[in-house]
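>>> This is the structure alone, sequence omitted:
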């Protein structure tokens, strides 16, 4: 019978950079017992985001972070600068990479490819606590 | 019992810029009576898009708009220019920010964070009518 | 009664560029017989992606491809370069455009706008086989 499960996880970040959260999502999904369905990951912030990238190379994560900073540099003469020079760039990076994604579930697992990992991307310089909502619907 | 609701809203834009549509979505969602589920917002255009960003500062929205224009500038020697110099940049901005997003629903509300708002981003210079499909599945 | 369907399609790409896959998705969706629901497209790779753009102009697709290469150029002094100069740019383009999207289904069809097409974007120079998961839930 079709059913749903919903939770909120909190992650502590140590400032700008990517943190893989695939295993946390997998563990929660397994606990729901849903075999076939659709899983959604939603980051409840405007200066952090959710993204999928290569899961095997720390060099990729560093390159990704540096590239995002080239795309949305500090010192860009932003109107919105009262919360620090890294705040508006963080909003831009969050919009660029997105705060929500949905993935199919088959045989009790997300259909991630071999090299795909799900990452929480922190875009502020300071450490933050970030809330991530997980939702699954299926059976 | 699991069920669905679906509608199409139309918004008039006044040219390039962000329009917050969170309240319109919230009002429709409340009318469906669905308490737990997944809500999807789909913009049916290739020169407008849907995005989440900070909901409290008009300066953020202006910075976002100007940044998008730096990322996808007019005058970029595009092949596709028959519909005006702002048309291909609008397609690029639409691809960058995306035309569809899904968010969990808990206690009859989207799980948006305190500072998150949902925006219709118009990327053409001229005012347009934009069609947004809303879908929710849940119970 | 609410139900689901799930499949995996494989596409052969001929190197960098966009391939429209709308018709393949439409054909599969029709076969499921689901009239109202939510369809998800998930690309299982980190150097290819899924995007929606204008479906009527090859010039748009070429402009899109060239713009992505300006956003994430080869020769960007990346740490991750062991798999070739086009590999890290491919990861960046994949993150920029995204690997998953969900669209409402109404009257047995995705709610795509007149000019919207769904594209598999190949970001590596060499031809690849790319796996795309399709999932639909509805009734």
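Yep, it's here. Here the structure is a predicted model, which is why all the values come from computation and not from measurement.

>>> Distance of whatever residue of chain A ends up closest to chain C relative to residue A:83?
In chain A, the residue that lies nearest chain C is residue A:113 (3.2 Å; Cβ to the nearest Cβ). Every C-beta, even on glycine, is put in place using the N, C-alpha and C of the backbone. Distance from residue A:113 to residue A:83, counting by Cβ to Cβ, to the nearest Å: 37 Å.

>>> Residue A:48 contacts residue A:132, correct?
No. Taking Cβ atoms under 8 Å as the definition, residue A:48 is not a contact partner of residue A:132, at 9.1 Å.

>>> Could you tell me which residues touch both of these two?
Taking Cβ atoms under 8 Å, 6 or more residues apart in numbering or on different chains as the criterion, residue A:48 and residue A:132 both touch residue A:120.

>>> where exactly do the helices run in chain A?
A:22-32, A:58-71, A:87-97 (DSSP state H).

>>> counting contacts, what elements does the first one pack onto?
In this structure, helix A:22-32 packs against strand A:3-12, strand A:37-43, strand A:109-110, strand A:116-122, strand A:129-138, with contacts taken as 3 or more Cβ pairs under 8 Å, 6 or more residues apart in numbering or on different chains; DSSP states H and E.

>>> where does chain A have low pLDDT?
Counting by pLDDT under 70, not a single residue of chain A qualifies.

>>> Which positions in it make contact with chain C?
A:2, A:36-38, A:51-54, A:57, A:59-60, A:62-64, A:67, A:71, A:96-98, A:101-104, A:106, A:111-116, A:137-139 (Cβ under 8 Å from any Cβ of the partner chain).

>>> Just the buried ones from these?
The neighbour count (16 or more other Cβ atoms under 10 Å in any protein chain shown) marks A:2, A:36-38, A:51-54, A:57, A:60, A:63-64, A:67, A:71, A:96-98, A:101-104, A:106, A:111-113, A:115-116, A:137-138 as buried among the residues of chain A next to chain C.

>>> Can you name the residues that contact the residue nearest to the spatial centre of chain A?
In chain A, the residue lying closest to the centroid (Cα atoms, centre = their mean) is residue A:50, at 2.1 Å. Residues in contact with residue A:50, defined by Cβ under 8 Å, 6+ apart, are A:41-43, A:97-101, A:118-121, A:132.

>>> how about the residues of chain A near chain B?
Going by Cβ under 8 Å from any Cβ, the residues of chain A near chain B are A:2-4, A:6, A:8, A:38, A:40, A:42, A:44-46, A:71-72, A:76, A:78-80, A:88, A:91-92, A:94-96, A:98-100, A:102, A:131, A:133-135, A:137.

>>> In PyMOL, select just the buried ones from those residues.
Listed next is the PyMOL selection for buried residues among the residues of chain A next to chain B, using 16+ other Cβ under 10 Å:
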select buried, chain A and resi 2+4+6+38+40+42+44+45+46+71+72+78+80+88+91+92+94+95+96+98+99+100+102+131+133+134+135+137
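
>>> how many neighbours does the closest residue to residue A:123 other than its chain neighbours have?
In space, residue A:123 comes closest to residue A:90 once its chain neighbours are excluded; the distance is 3.6 Å by Cβ to Cβ, 6 or more residues apart in numbering or on different chains. Residue A:90: 27 surrounding residues under other Cβ atoms under 10 Å in any protein chain shown.

>>> Help me confirm that residue A:90 comes into contact with residue A:124.
Yes. Residue A:90 is within contact range of residue A:124, at 5.1 Å (criterion: Cβ under 8 Å).

>>> Name the residues contacting each of these two.
A:47, A:48.

>>> Might you report the residue contacts of residue A:44?
Here residue A:44 is in contact with A:99, A:130, A:131, A:132, A:133, B:111, B:112, B:113, B:114, B:116 (criterion: Cβ under 8 Å, 6+ apart).

>>> shouldn't the third one be in contact with residue A:12?
No. Counting by Cβ under 8 Å, no contact exists between residue A:131 and residue A:12, whose distance comes to 11.1 Å.

>>> what's the burial count for the closest residue to residue A:65 other than its chain neighbours?
Leaving aside its sequence neighbours, residue A:65 sits nearest to residue A:17 (Cβ to Cβ, 6+ apart; 5.5 Å). By the measure other Cβ under 10 Å, the count of residues near residue A:17 is 16.

>>> and what of residue A:19?
17.

>>> That one and chain B, how far apart?
Distance of residue A:19 to chain B, given as Cβ to the nearest Cβ, to the nearest Å: 18 Å.

>>> List the beta-bridge partners for that residue.
residue A:120 (DSSP bridges).

>>> which ones are touching it?
A:11, A:13, A:119, A:120, A:121, A:122.

>>> what's the closest residue to the last one other than its chain neighbours in contact with, if anything?
Going back to what we said before, that points to residue A:122. If the residues on either side of it in the chain are set aside, residue A:122 comes closest to residue A:13, at 3.7 Å by Cβ to Cβ, 6+ apart. By Cβ under 8 Å, 6+ apart, residue A:13 lies in contact with A:19, A:48, A:120, A:122, A:127, A:128, A:129, A:130.

>>> give the contact list for the fourth one.
Right, residue A:122. Taking Cβ under 8 Å, 6+ apart, one finds A:13, A:14, A:15, A:16, A:17, A:18, A:19, A:48, A:128, A:130 in contact with residue A:122.

>>> Kindly report the same for the fifth one.
By Cβ under 8 Å, 6+ apart, the contact list for residue A:127 reads A:12, A:13, A:14, A:15.

>>> Go through those and name the one nearest chain B.
For the contacts of residue A:127, the nearest to chain B is residue A:13 (15.0 Å; Cβ to the nearest Cβ).

>>> What values do phi and psi take at the closest one?
phi -100, psi 160 (degrees, to the nearest 10).

>>> Ok, the one 3 residues further on next?
With angles defined as degrees, to the nearest 10, residue A:16 sits at phi -50, psi 130.

>>> Can you get me a residue count around it?
20.

>>> In this structure it contacts residue A:128, no?
No. With contact defined as Cβ under 8 Å, residue A:16 and residue A:128 do not form a contacting pair (10.3 Å).

>>> could you list every residue that touches residue A:11?
Counted by Cβ under 8 Å, 6+ apart, residue A:11 has contacts A:19, A:21, A:24, A:120, A:129, A:130, A:132.

>>> Name whatever forms a beta bridge with it.
residue A:130.

>>> Check the gap between the closest residue to residue A:12 other than its chain neighbours and residue A:82 for me.
Using Cβ to Cβ, 6+ apart and skipping residues adjacent in sequence, the residue nearest residue A:12 is residue A:129, 5.6 Å away. Distance of residue A:129 to residue A:82, given as Cβ to Cβ: 22 Å.
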